[in-house]
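Q: next input, structure requested:
(one chain, ligands or ions: 2)
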Amino acid sequence: MAIQLSHFSSSSTALYSFDHKISYFSKWVTGIHFRRQLRNHFELKSTNGYPLNAVPMQDEGSAAKTLEEEVHFPESGEPNSMLSITVVGASGDLAKKKIFPALFALYYEDWLPENFVVYGYARTKMTDEELRNVISETLTCRIDRRENCQDKMEEFLKRCFYHSGQYNSEEHFLELNCKLKERESSKLSNRLFYLSIPPNIFVDVVKCASTKASSGTGWTRVIVEKPFGRDLESSRELTKCLKQYLTEDQIFRIDHYLGKELVENLSVLRFSNLVFEPLWSRNYIRNVQFIFSEDFGTEGRGGYFDNYGIIRDIMQNHLLQILALFAMETPVSLDAEDIRNEKVKVLKSMMPLQLEDVVVGQYKGHNKGGKSYPGYIDDPTVPKDSVTPTFAAAALFINNARWDGVPFLMKAGKALHTKRAEIRVQFRHVPGNLYKRNFGTDLDKATNELVLRLQPDEAIYLKINNKVPGLGMRLDRSDLNLFYKTRYTREIPDAYERLLLDAIEGERRLFIRSDELDAAWALFTPLLKEIEENKIMPELYPYGSRGPVGAHYLAAKHNVRWGDLSGED
Ligand SMILES: NC(=O)C1=CN([C@@H]2O[C@H](COP(=O)(O)OP(=O)(O)OC[C@H]3O[C@@H](n4cnc5c(N)ncnc54)[C@H](OP(=O)(O)O)[C@@H]3O)[C@@H](O)[C@H]2O)C=CC1
Ligand SMILES: O=C1O[C@H](COP(=O)(O)O)[C@@H](O)[C@H](O)[C@H]1O
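A: Ligands and ions are numbered 1, 2, ... in the order given. Below is the predicted model of the structure:
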């Protein structure tokens, strides 16, 4: 079977070639792949440029079936197929906050196949009705702006069920399997498991789910949440254990930052606009900054956080993934493997991280405006003598021809003055600038800066120098800006929506391959060991402040000024 839906013309006519039964094709076009083509096609008109070719999946599954045997795994949208999504850890925070709302949004927008069910699985005893109440409470307070929302929600809730069980009990997963089978009736079934649970039980669940509750007729895929290990060794061990039960193609390691709209747009901006790519190198770029800041502490997640710290929680995954996408060479195509190959090359070209190029901090209690804010160690789940960093800044370097000598700065912190995530690209000075004298002695203020604000209020803007209107020659800094709120009326989908849909469709581009993960841990593990073995004391910073001053010294050492602190935005 080989179906290539290679392109849509502007009149939406599909040009295709195939050597498969016509009847199968007619079913297939009603399915999810076809709708995905439409998704890409229509979005191409506005912002998107993603794959214009689709190949039906035949990759994974419990049985080693081959193409030659002419066996195919059903597409999620085939009329006679069924999709069962099991959220393991359904009683938890992430399931409630993100996964169920994302599934509902996909249903509401008509992205899910006609036949689907959602199962919640956890130890907590709950009836189907109780799970529905939890989901409905979360949805009601978020989505009331959508039309006919109440009706759609009722319909969605009817597809939601719950099964209580232990995470290491084969018997309980067999029970789940029976329930899934009942709902699947005689249909061909695909099964997606979302592991929204602490990492110490990933393997137990994968073992039970794959041996006792995987699909006998379709594909079985598992989305694995972070943290994926806490260093190179544990991550390799986890991968090894998971691979006893699943193939790499069945494992979808999620990094939800890759599902954010602006991160998706990064490659579009760079590779589909002539004005950017030629500047994308050490020849024009002075430094690049990846900034993550939250204006709240570890509230409620101190127990988890203390075992990981901000470097593992944010830098080693979210920020490093964005850096790799930013710095990669042009991939051969937009296929998942081509993109991931390029990202791995970047990760492998990175210079070892030096302790003197890293600053760590921890927030302390602070009184502001008559209100008192707790310090990190005031969290009852955190040991009083904890030295776990809640803030880190680091300078990284890529040892290749394109980026030699360019500092890539990362900064991530909790309990800071603002909630924001950005990529900031600072360009070099204009050589022999004719307007030098207009900038006084501070030439840094005259350099261009491109900002991609991932959140909140998604935006792209370019800081330029501009003449202030009038008879004199006064210059100021202005922005050429693209604010999503004013440019686009449609709501920006949550990252989890995109990633869930991709996993259902078998699109792996935004999921982390095992060698990517390995390279990311190889980069950060020696540094983490050094910090922990030497008990490096974090610099304390007040809750709600701009973080430790050490971060400024680090930037200054590399002739950089943090863009988010320039006071211009
Ligand atoms: N919450 C968030 O914002 C984010 C979370 N993540 C990751 O997603 C996953 C889920 O996160 P979150 O929902 O916050 O986690 P929770 O701590 O809420 O755990 C989810 C569920 O797992 C079960 N559980 C919790 N602790 C244990 C334990 N020690 N042993 C066995 N079962 C346990 C509980 O269900 P029950 O007792 O009913 O079995 C709980 O409801 C984690 O891997 C987390 O790192 C990633 C990004 C953000
Ligand atoms: O993965 C994580 O991300 C969240 C921040 O996600 P965002 O999409 O709200 O920016 C962070 O709070 C959490 O500590 C971390 O585990």
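Q: for ligand 1, what's its nearest residue on this structure.
A: Gly92 (2.4 Å; CB to the nearest ligand atom). All C-beta spots, glycine's among them, are computed from the backbone N, C-alpha and C.
Q: quick check: that residue touching Ile201?
A: No: contact criterion CB atoms under 8 Å: Gly92 and Ile201 do not qualify, at 11.7 Å.
Q: returning to that earlier point: phi, psi of the residue of the chain closest to ligand 1?
A: When read as degrees, to the nearest 10, the backbone of Gly92 gives phi -90, psi 180.
Q: how about the residues of the stretch 401-550 of the chain near ligand 2?
A: Applying CB under 6 Å from any ligand atom, we find that the stretch 401-550 of the chain lies next to ligand 2 at Ala421.
Q: strands of the stretch 401-550 of the chain, start to end?
A: Applying DSSP state E, counting those that start in this stretch to the stretch 401-550 of the chain gives strands spanning 408-413, 420-427, 449-455, 459-467, 475-483, 539-542.
Q: check which helices and strands the first one is in contact with.
A: Counting contacts by 3 or more CB pairs under 8 Å, 6 or more residues apart in numbering; DSSP states H and E, the secondary-structure elements packed against strand 408-413 are strand 285-293, helix 320-327, strand 391-396, helix 550-557.
Q: please list the residues of the protein that sit near ligand 1.
A: Counting by CB under 6 Å from any ligand atom, the chain comes close to ligand 1 at 89, 91-95, 122-124, 167, 196-199, 201, 225-227, 304.
Q: you'd agree Leu180 is up against Arg191?
A: Yes: at 7.0 Å, Leu180 and Arg191 qualify as touching, with contact defined as CB under 8 Å.
Q: check this structure for its longest helix and report it.
A: Using DSSP state H, we find that the single longest helix of the chain is helix 514-533.
Q: what residues sit buried inside that one?
A: By neighbour count on 16 or more other CB atoms under 10 Å, the buried set for helix 514-533 is 514-525, 527-528, 531.
Q: do you know how far the closest residue to Ser281 other than its chain neighbours is from ligand 2?
A: Leaving out its chain neighbours, the residue that sits closest to Ser281 by CB to CB, 6 or more residues apart in numbering is Arg402, at 4.7 Å. Distance, Arg402 to ligand 2, by CB to the nearest ligand atom, to the nearest Å: 29 Å.
Q: nearest residue to Lys445 other than its sequence neighbours?
A: Phe439 (5.8 Å).
Q: residues contacting Lys411?
A: 289-293, 391-394, 547, 551, 562, 564 (CB atoms under 8 Å, 6 or more residues apart in numbering).
Q: what's the separation between it and Gly92?
A: Here the criterion is CB to CB, to the nearest Å. By it, Lys411 lies 29 Å from Gly92.
Q: Pro383 now?
A: Noted for Pro383: a distance of 23 Å to Gly92, by CB to CB.
Q: who has more neighbours, the two?
A: A count of neighbours by other CB atoms under 10 Å puts Gly92 above the other of Pro383 and Gly92, at 17 against 11.
Q: near the closest residue to that one other than its chain neighbours, how many other residues are there?
A: Residue nearest to Gly92 in three dimensions, not counting chain neighbours: Ser196, with 5.8 Å by CB to CB, 6+ apart. Counted with other CB under 10 Å, the neighbours of Ser196 add up to 26.
Q: what about Arg282, neighbour count?
A: Arg282: 15 surrounding residues under other CB under 10 Å.
Q: the one 3 residues further on now?
A: The number of residues packed near Ile285 is 20, by other CB under 10 Å.
Q: next: Arg230.
A: With other CB under 10 Å as criterion, Arg230 counts 18.
Q: quick revisit: just curious, which of the contacts of Lys411 is nearest to Arg132?
A: Arg132 lies nearest to Phe292 out of those, by CB to CB, at 34.8 Å.
Q: show me the contacts for the closest one.
A: Neighbouring residues of Phe292 by CB under 8 Å, 6+ apart: Ile314, His318, Leu319, Lys411, Ala412, Gly413, Arg420, Ala421.
Q: of those, select the buried ones using a PyMOL command.
A: To isolate the buried ones among those in PyMOL, judged by 16+ other CB under 10 Å, type:
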select buried, resi 314+318+319+411+412+413+420+421
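Q: adding pLDDT, write the contacts of Phe292 out as a markdown table.
A: Listed next are the contacts of Phe292 as a markdown table, based on pLDDT from 0 to 100:
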| residue | pLDDT |
| --- | --- |
| Ile314 | 98 |
| His318 | 98 |
| Leu319 | 98 |
| Lys411 | 98 |
| Ala412 | 98 |
| Gly413 | 98 |
| Arg420 | 97 |
| Ala421 | 98 |
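Q: mind putting the contacts of Phe292 into JSON lines with distance to Gly375?
A: Output for the contacts of Phe292, formatted as JSON lines (distance: CB to CB, whole Å):
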{"residue": "Ile314", "distance to Gly375": "19"}
{"residue": "His318", "distance to Gly375": "24"}
{"residue": "Leu319", "distance to Gly375": "24"}
{"residue": "Lys411", "distance to Gly375": "20"}
{"residue": "Ala412", "distance to Gly375": "18"}
{"residue": "Gly413", "distance to Gly375": "14"}
{"residue": "Arg420", "distance to Gly375": "22"}
{"residue": "Ala421", "distance to Gly375": "24"}
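Q: no further queries at this time; thank you.
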